[in-house]
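**Student:** Following is a predicted model, sequence given first.
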Protein chains: 2
Amino acid sequence: MDERRRIPQATVRRLPVYLRDLTEAAAHGVTVTSSSEMAARTGISSEQIRKDLAYFGAFGTRGVGYDTRLLAAEIRRILGIERRVGVALVGAGHLGFALARYSRQEHADVAITMVFDRHPKVVGTRIGDLTVLPVEEMEERVREAGIRMAVIAVPGEEAPGVLAALARAGVEAVLNFSPVALSAPGVHVQHIDLTLELQSLAFFTSLRQMAGAAVAEERA
Amino acid sequence: MDERRRIPQATVRRLPVYLRDLTEAAAHGVTVTSSSEMAARTGISSEQIRKDLAYFGAFGTRGVGYDTRLLAAEIRRILGIERRVGVALVGAGHLGFALARYSRQEHADVAITMVFDRHPKVVGTRIGDLTVLPVEEMEERVREAGIRMAVIAVPGEEAPGVLAALARAGVEAVLNFSPVALSAPGVHVQHIDLTLELQSLAFFTSLRQMAGAAVAEERA
């Protein structure tokens, strides 16, 4: 349990990248692969890959490499997704609709399996093979289904109440697309914040260099 | 210019968090603040905050703290967003619609200012105060407007062509919501990948502990 705390979040976020790479390599008939080959395919350095994997034990054989399928299975086990994991989505507006449809199309090992919304006009409509359920039933249905993960795609003012209800229902990890910071005891919240993403992205354009020229001179 | 390469991406991604915190603190009348206070409000450690800011020079006065508004202005300059930065959005489906509407509502310093789509039914429709333009005009319009940033929200099979056109138009940084990895010379691409987000999120639930029990025993 405490193991989860010691492992850098950045490492955890790279594991699915490795998993995807190994799954694709295996599908192309690659039975054995090395951290250098993985580095070439993923753009992550081989040192970083070896360091990340070392948190979870010794994989592969020195001078030979990793068994592609075995390492993929190990990573699935580490993440806890070797069986299909169901996710509740709250908010079936444009964003929620897009997320649910995408998740269903991908047939992923972690997929949205329940959708809730508060608007009577939206409740009962279908997104692929899912029917949108009333948010009033969320807490009970999520608890009964034993769902531990959720995606929040509701307006900012509704998000704290939604998170509190999800926490009561036993949800432990949440992907938050609403434009407010959220937290609840015992719940790991990952925030996808468009404003922050765009602001940090600006750093990588020459707009910054033009704008930053004065600052650079000041310090020179 | 090379400065951008030496600074960890994680640091760049935290700068907007600091900026938001300082802006909110200033709005609440806080004129001077410390890294400890910022840590308490943001959940990022004060050591990390001081380390991140140190990449860009010496801010604040030891024993006194940071001038809230001045530090916010410095971070805006570092990011290159002290003037409003325009962003092109490609793809006005459900996801694109949600992103554009959100961006316009926020009145952010980095905002979607042009929207393109390939579907004749969507072209000409409005998202808030923006009119969806035909994707055929994208390259020319983005170049003429001098836009350096874009958001890609098109299906995976269309995304590489869109990125190539954006690169030709002079775009330097892209937020990619399409479900494929993208790259182009001279373009910084940040990928928001729902599958990967959900997979890494699973690590933080007890699903993983149940599933991982066998592995842990095996290694003990």
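**Tutor:** All right, it came through fine.

**Student:** Just list what the longest strand that chain A contains packs against, helices and strands only.
**Tutor:** Among the elements of type strand in chain A, defined by DSSP state E, the one spanning the most residues is strand A:110-117. Secondary structure elements in contact with strand A:110-117, counted by 3 or more C-beta pairs under 8 Å, 6 or more residues apart in numbering or on different chains; DSSP states H and E, are strand A:85-90, helix A:94-106, strand A:130-134, helix A:138-145, helix B:194-202. Placement of C-beta: from N, CA and C, glycine included.

**Student:** buried ones in the shortest one?
**Tutor:** Judged by neighbour count using 16 or more other C-beta atoms under 10 Å in any protein chain shown, the buried positions of strand A:130-134 are A:130, A:132-133.

**Student:** and the residue sitting nearest the centre point of chain A, how far is that from residue B:9?
**Tutor:** Closest residue to the average C-alpha location of chain A: residue A:175 at 6.9 Å, with C-alpha atoms, centre = their mean. The gap separating residue A:175 from residue B:9 is 20 Å, by C-beta to C-beta, to the nearest Å.

**Student:** Residue A:65 now?
**Tutor:** Using C-beta to C-beta, one gets 28 Å for the distance from residue A:65 to residue B:9.

**Student:** ok, the two, which is more surrounded?
**Tutor:** Legend: neighbour count by other C-beta atoms under 10 Å in any protein chain shown for residue A:65 and residue B:9, higher for residue A:65 (19 against 13).

**Student:** which residues does the more buried one contact?
**Tutor:** With contacts defined as C-beta atoms under 8 Å, 6 or more residues apart in numbering or on different chains, residue A:65 is in contact with A:32-35, A:37.

**Student:** Could you identify the pair within the residues you listed that is furthest apart?
**Tutor:** For those, with distances taken as C-beta to C-beta, the pair at the greatest spread is A:32 and A:35 (12.0 Å).

**Student:** can you list residues touching both of the two?
**Tutor:** By C-beta under 8 Å, 6+ apart, the residues touching both residue A:32 and residue A:35 are A:65-66.

**Student:** The two: who's more crowded?
**Tutor:** The residue with the greater number of neighbours, taking residue A:32 and residue A:35 and applying other C-beta under 10 Å, is residue A:35; the counts read 22 against 16.

**Student:** Let me see the contact set for the residue nearest to that one when sequence neighbours are not counted.
**Tutor:** Excluding the flanking residues, the one nearest residue A:35 by C-beta to C-beta, 6 or more residues apart in numbering or on different chains is residue A:46, at 4.0 Å. Residues near residue A:46 by C-beta under 8 Å, 6+ apart: A:34-36, A:38-39.

**Student:** which of those are buried?
**Tutor:** Neighbour counting by 16+ other C-beta under 10 Å classes A:34-35, A:38-39 among these as buried.

**Student:** Show me the shaky parts of chain A.
**Tutor:** By pLDDT under 70, the low-scoring segments of chain A are A:1-5, A:107, A:207-220.

**Student:** so the lengthiest helix in it versus helix B:9-27, what angle?
**Tutor:** When every helix of chain A is counted residue by residue (DSSP state H), the longest turns out to be helix A:9-27. Helix A:9-27 runs at 140 degrees relative to helix B:9-27, counting by axes from the mean of the first three to the mean of the last three C-alpha atoms, to 10 degrees.

**Student:** Can you tell me how far residue A:111 is from residue B:150?
**Tutor:** As for residue A:111, its distance to residue B:150 is 29 Å (criterion: C-beta to C-beta).

**Student:** Looking at those two, which one has more neighbours?
**Tutor:** Neighbour totals were compared for residue A:111 and residue B:150, and residue B:150 leads with 31 against 19 (other C-beta under 10 Å).

**Student:** The more buried one contacts residue B:177, doesn't it?
**Tutor:** No. Judged on C-beta atoms under 8 Å, residue B:150 makes no contact with residue B:177 at a distance of 11.0 Å.

**Student:** residue contacts, the nearest residue to residue A:20 once chain neighbours are set aside?
**Tutor:** Sequence neighbours aside, residue B:196 is the residue nearest to residue A:20 in space, at 7.4 Å (criterion: C-beta to C-beta, 6+ apart). Contacts of residue B:196 were listed using C-beta under 8 Å, 6+ apart, and they are A:13, A:16-17, A:20.

**Student:** By neighbour count, which of those wins?
**Tutor:** Compared across the contacts of residue B:196, residue A:16 has the highest neighbour count, 25 neighbours, by other C-beta under 10 Å.

**Student:** hang on, the earlier thing: and residue B:59, which of the helices and strands packed on strand A:110-117 is closest to it?
**Tutor:** For the helices and strands packed on strand A:110-117, proximity to residue B:59 was assessed by C-beta to C-beta; helix B:194-202 is nearest, at 32.6 Å.

**Student:** what's around residue A:51, how many residues?
**Tutor:** As a burial measure, the neighbour count of residue A:51 was computed by other C-beta under 10 Å and equals 13.

**Student:** Outline the domain layout of chain A.
**Tutor:** In terms of domains, chain A is parsed into A:2-79, A:85-195 (source: automatic domain parsing).

**Student:** if I look at residue A:50, how far off is chain B?
**Tutor:** Applying C-beta to the nearest C-beta, to the nearest Å, the value for residue A:50 to chain B is 18 Å.

**Student:** my guess is that residue meets residue A:35, correct?
**Tutor:** Yes. Contact status for residue A:50 versus residue A:35: in contact at 5.0 Å, counting by C-beta under 8 Å.

**Student:** Report the angle between the longest helix of chain A and helix B:194-202.
**Tutor:** Counting by the same axes, to 10 degrees, helix A:9-27 lies at 120 degrees to helix B:194-202.

**Student:** Keeping just the C-alphas, turn helix A:9-27 into CSV.
**Tutor:** Backbone C-alpha positions of helix A:9-27 (Å, rounded to 0.1, in the frame of the first residue of the first chain) are rendered in CSV as follows:
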residue,chain,number,x,y,z
GLN,A,9,3.7,10.2,-10.1
ALA,A,10,5.7,10.9,-13.3
THR,A,11,6.8,7.2,-13.3
VAL,A,12,3.2,6.0,-12.9
ARG,A,13,2.2,8.3,-15.8
ARG,A,14,4.9,6.7,-18.0
LEU,A,15,3.8,3.1,-17.3
PRO,A,16,0.8,3.3,-19.7
VAL,A,17,3.2,4.6,-22.4
TYR,A,18,5.4,1.6,-21.9
LEU,A,19,2.4,-0.7,-21.9
ARG,A,20,1.1,0.7,-25.1
ASP,A,21,4.6,0.4,-26.7
LEU,A,22,5.0,-3.2,-25.6
THR,A,23,1.5,-4.1,-26.7
GLU,A,24,2.1,-2.7,-30.1
ALA,A,25,5.5,-4.3,-30.4
ALA,A,26,4.0,-7.7,-29.5
ALA,A,27,1.3,-7.2,-32.1
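
**Student:** I'm done for today, thanks for sticking with me.
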